[in-house]
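**Student:** Kindly generate the corresponding structure for this input.
(chains A and B)
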Amino acid sequence: MSFFLEVLITGLLVGIMYALVALGFALIFKASDVFNMAQGDMSLLAGLALVGFLQIKMPLWLALICTLAVMVILAYVTVFVILRPLVARPPLMLFMATFGLAYLIQGVGQSIWGTDAKGLELGIPDKSFDLGGIFVSSFDLTFAAIAALLLILLVWFFQKTRTGRALRAVSDDHEAALSVGIPLLRAWVVTWIIAGIVAIVAGVAWGTRLGVQFSLSYIALKALPVLIIGGIDSIPGAIIAGLIVGAGENLAEVFMGPYVGGGIQTFFPYLIALVVLYFKPYGLFGKEIIERV
Amino acid sequence: MFYRECGNYKDSYAKDMAIFPIPLDRYGFIVMLILAFVVIPLFATKYWITNIMVPFYCFGLSAIGLNILAGYAGQISIGHAAFMAIGAYASLILYGRYGIPLIPSILGGGVVSAAVGVFFGLPSLRIKGFYLAIATLASQFIIQWVIVHWKWVSGGVFGTVETPDMQIFGWAVNTPVKKYYLTLCIVGLMAVFAKNLVRGQLGRNWMAIRDMDYAAEVIGVNLHRDKLIAFAVATFYAGVAGSLITFCYYGAANIEEFHVMVSFALMGMIIIGGMGTILGSFLGAGFFVLLPIGINQSLGAFMKVVPSDILSNIEAIIFGGLIVLFLIVEPYGMARLWQTIKDKMRLWPFPY
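**Tutor:** Model prediction:
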């Protein structure tokens, strides 16, 4: 039983990280109807930038600020160069534009900071400790705590602050938001900056675990099923689905994996997603789109 | 002046239905065929034939499949490369293990891929838009896992299966030129078939579904059947393309060649080439295949050996930049640019 709990808790801790990445998608989708395929590459860019700044002997806090600056620049460039000419185009076209953005971020980031895999060492101890008979990695716990903190901050930001309310207004109805005087492009920039911050946390968390390299951009692919299970435009959905997927894939890998040959975590989240979508086509908490001819 | 409809009377149904109603287009097409069938095999170097033309045709064929699914039927799929993998492994197993003749096993690879494709198309009956796009990613990961982990499929080490010697009725397909002809014939026939498919009833149904599926259902399009047919046709094309590229270019089926990045690249190809056109699939594929070589050549003027990481980075920047640029400036891709040129030629030398 305690082994089961251990697997479950490890899964849940990873699930919080998935939730965070999925949240990056959900935020941008809510605010600007853009399904951002470049989210994973933004994490890669953040990881590359942080390692790059640390390599030129910057202290950690300065390096983090510089990385943030990189993400802010990215947000401005994306909104003003790519999205502004595409306003009012169909959402699928914006989706494809972020495909291009993903390639651009990969190319530019790796030209500046190099393609070779780099280690990212932040001095967080990686040892497991005992929680009443259950062993938990301190590493997972630290990042789950940071991610949970960020989640709470984001929810608070969206519910309580003035800017957050403006962003929610934009996500409800672009034109109505414009007519009450909310600057649309600036709201988008803020959203993309928030997505950039999420990307930094995700990039650092997975970068310390796996090393900063090209495959870091695939973490977005793990967050995509989380996103559609919860519903593309739902923040609580992303969190709950993240926990479901994290726990589910870890339990499946440990208890089912040995019978079918292992490595099933690569696709198990997608299986969960297919099953959930069969019963709820817009995810657990997604807004149902009612279409009329 | 020369390129015009004037005096070109359509006095039979056949002429009215022609793919190229304007004579100059027909002559141009014949010139292209001569180029492909005679000039390239005679004069191109071995490197060009094997490493550029064959992958170009194969990716073009796969892009036609994706274009039918995404550009005509409006069902975005980002797991297309996995179906190429199915085609590759299935045809190798059919040909190498069961001794079925070459052409039927290449097509059989397509059929197996289409069967799996219909299965993964089933979610499209219930979900759509972004939800569907992500659900199609499931196919990529599940298929990849099955190929790597089922020893019966991959035959063991790292999911790699070598291609056996190829022959058709005792005629050995062993030189680059012979492989080139094999690819060209199959790709050419299937391209013509696709062109006619999208001009007919089925293609119109697909376009109606793409433009507004509810409205299509109201005017009597069988939504479920036609969506599944689109998945079947698209994955059939992907399967044949995958098996051709394995037989004639890679030489061994390897799962790494059909990675999720290839699926993304195929998506990029049809965006740059032009969504909803057959010509655009080839233009996009040609662009994708020629881009690294073009960069290599132009950088080669400055340095002796171009490092592979710089090459891949510049490739990514240009590819991504062009996707964005095309979406902003010309959302219908290179094929629409060609159409614009033709419209200009029709009026030349007058401005309008």
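**Student:** now A:F279: how far from chain B?
**Tutor:** Shown here: A:F279 relative to chain B, a distance of 9 Å by Cβ to the nearest Cβ, to the nearest Å. The C-beta positions use only the backbone N, C-alpha and C, and glycine is treated the same way.
**Student:** cool, and A:A238?
**Tutor:** Where chain B is concerned, A:A238 sits at a distance of 13 Å (Cβ to the nearest Cβ).
**Student:** Who are the packing partners of the helix or strand hosting that residue?
**Tutor:** Element membership for A:A238, per DSSP states H and E: helix A:235-251. Using 3 or more Cβ pairs under 8 Å, 6 or more residues apart in numbering or on different chains; DSSP states H and E, the elements in contact with helix A:235-251 are helix A:2-32, helix A:138-160, helix A:219-230, helix A:268-279.
**Student:** can you give me phi and psi for B:G188?
**Tutor:** phi -60, psi -50 (degrees, to the nearest 10).
**Student:** What is the burial count for it?
**Tutor:** Per other Cβ atoms under 10 Å in any protein chain shown, the neighbour tally for B:G188 reads 15.
**Student:** Tell me how far it lies from chain A.
**Tutor:** Here the distance between B:G188 and chain A works out to 29 Å (Cβ to the nearest Cβ).
**Student:** Around chain B, which positions in the stretch 101-250 of chain A sit nearby?
**Tutor:** Residues of the stretch 101-250 of chain A lying close to chain B (Cβ under 8 Å from any Cβ of the partner chain) are A:101-108, A:110-111, A:114-116, A:218, A:221, A:224-225, A:227-228, A:232.
**Student:** From the residues you listed, list the buried ones, please.
**Tutor:** Members of these that pass the buried threshold by neighbour count (16 or more other Cβ atoms under 10 Å in any protein chain shown) are listed as A:101-108, A:110-111, A:114-115, A:218, A:221, A:224-225, A:227-228, A:232.
**Student:** hang on, the earlier thing: got the contact list for the helix holding A:A238?
**Tutor:** Contacts to helix A:235-251, defined as Cβ atoms under 8 Å, 6 or more residues apart in numbering or on different chains, come from residues A:4, A:7-8, A:10-20, A:22-23, A:25-27, A:30, A:151, A:154-155, A:158, A:223, A:225-227, A:229-231, A:264-265, A:268-269, A:272, A:283-286.
**Student:** Filter those down to the buried ones, ChimeraX style.
**Tutor:** Those of the contacts of helix A:235-251 that count as buried under 16+ other Cβ under 10 Å are selected in ChimeraX with:
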select /A:7,8,10,11,12,13,14,15,16,17,18,19,20,22,23,25,26,27,30,151,154,158,223,225,226,227,229,230,231,264,265,268,269,272,283,284,285,286
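**Student:** Which residues of the stretch 151-300 of chain B lie near chain A?
**Tutor:** With Cβ under 8 Å from any Cβ as the criterion, the stretch 151-300 of chain B meets chain A at residues B:212, B:214-215, B:218, B:260, B:264, B:267-268, B:271.
**Student:** Out of those, which end up buried?
**Tutor:** Burial by neighbour count, 16+ other Cβ under 10 Å: within these this picks out B:260, B:264, B:267-268, B:271.
**Student:** Next up, phi/psi of the residue lying closest to A:G114 once chain neighbours are set aside, please.
**Tutor:** With sequence-adjacent residues excluded and distances taken as Cβ to Cβ, 6 or more residues apart in numbering or on different chains, A:G114 is closest to B:D309, at 7.4 Å. Backbone geometry at B:D309, expressed as degrees, to the nearest 10, gives phi -70, psi -40.
**Student:** Tell me who's in contact with B:D309.
**Tutor:** Listed by Cβ under 8 Å, 6+ apart, the contact partners of B:D309 are A:110, A:114-116.
**Student:** Now for residue 90, how many residues are close by?
**Tutor:** Unless you meant another one, I'm taking chain A. The tally of other residues near A:P90 (other Cβ under 10 Å) stands at 11.
**Student:** try again with chain B
**Tutor:** 25.
**Student:** show me what contacts it?
**Tutor:** Going by Cβ under 8 Å, 6+ apart, B:A90 touches B:108-109, B:112-113, B:239, B:243.
**Student:** Could you pull out the buried residues of stretch B:126-137?
**Tutor:** Buried residues in stretch B:126-137, defined by neighbour count with 16+ other Cβ under 10 Å: B:127-137.
**Student:** Over to stretch B:18-36?
**Tutor:** Neighbour-count burial for stretch B:18-36, with 16+ other Cβ under 10 Å as criterion, is recorded at B:22, B:36.
**Student:** pull the CA atoms of that stretch into PDB?
**Tutor:** Listed next in PDB are the C-alpha coordinates belonging to stretch B:18-36 (Å, rounded to 0.1, in the frame of the first residue of the first chain):
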ATOM      1  CA  ALA B  18     -10.100  19.200 -68.500                       C
ATOM      2  CA  ILE B  19      -7.600  19.800 -65.700                       C
ATOM      3  CA  PHE B  20      -5.600  22.100 -67.900                       C
ATOM      4  CA  PRO B  21      -8.100  24.000 -70.100                       C
ATOM      5  CA  ILE B  22      -5.500  26.400 -71.500                       C
ATOM      6  CA  PRO B  23      -3.100  25.000 -74.200                       C
ATOM      7  CA  LEU B  24       0.000  26.600 -72.800                       C
ATOM      8  CA  ASP B  25      -0.700  24.900 -69.400                       C
ATOM      9  CA  ARG B  26      -0.900  21.500 -71.200                       C
ATOM     10  CA  TYR B  27       2.300  22.100 -73.000                       C
ATOM     11  CA  GLY B  28       4.000  23.200 -69.800                       C
ATOM     12  CA  PHE B  29       2.800  20.000 -68.100                       C
ATOM     13  CA  ILE B  30       4.100  17.900 -70.900                       C
ATOM     14  CA  VAL B  31       7.500  19.700 -70.700                       C
ATOM     15  CA  MET B  32       7.500  18.900 -66.900                       C
ATOM     16  CA  LEU B  33       6.800  15.200 -67.600                       C
ATOM     17  CA  ILE B  34       9.600  15.100 -70.200                       C
ATOM     18  CA  LEU B  35      11.900  16.700 -67.700                       C
ATOM     19  CA  ALA B  36      10.900  14.300 -65.000                       C
END
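**Student:** closest one to A:L120 among the helices and strands packed on helix A:235-251?
**Tutor:** Relative to A:L120, the nearest member of the helices and strands packed on helix A:235-251 by Cβ to Cβ is helix A:138-160, separated by 12.4 Å.
**Student:** where does chain A dip in pLDDT?
**Tutor:** With pLDDT under 70 as the threshold, chain A has low-confidence stretches at A:1, A:123-128, A:130-133, A:293.
**Student:** B:V161 - how many residues pack around it?
**Tutor:** Neighbourhood size, B:V161 [other Cβ under 10 Å]: 22.
**Student:** is it in a bridge, and if so with what?
**Tutor:** B:V161 has these beta-bridge partners by DSSP bridges: B:A253.
**Student:** quick one: contacts for it?
**Tutor:** If you count contacts by Cβ under 8 Å, 6+ apart, then B:V161 has B:89, B:92-93, B:96, B:154-155, B:252-253 around it.
**Student:** Also B:G286?
**Tutor:** B:56, B:60.
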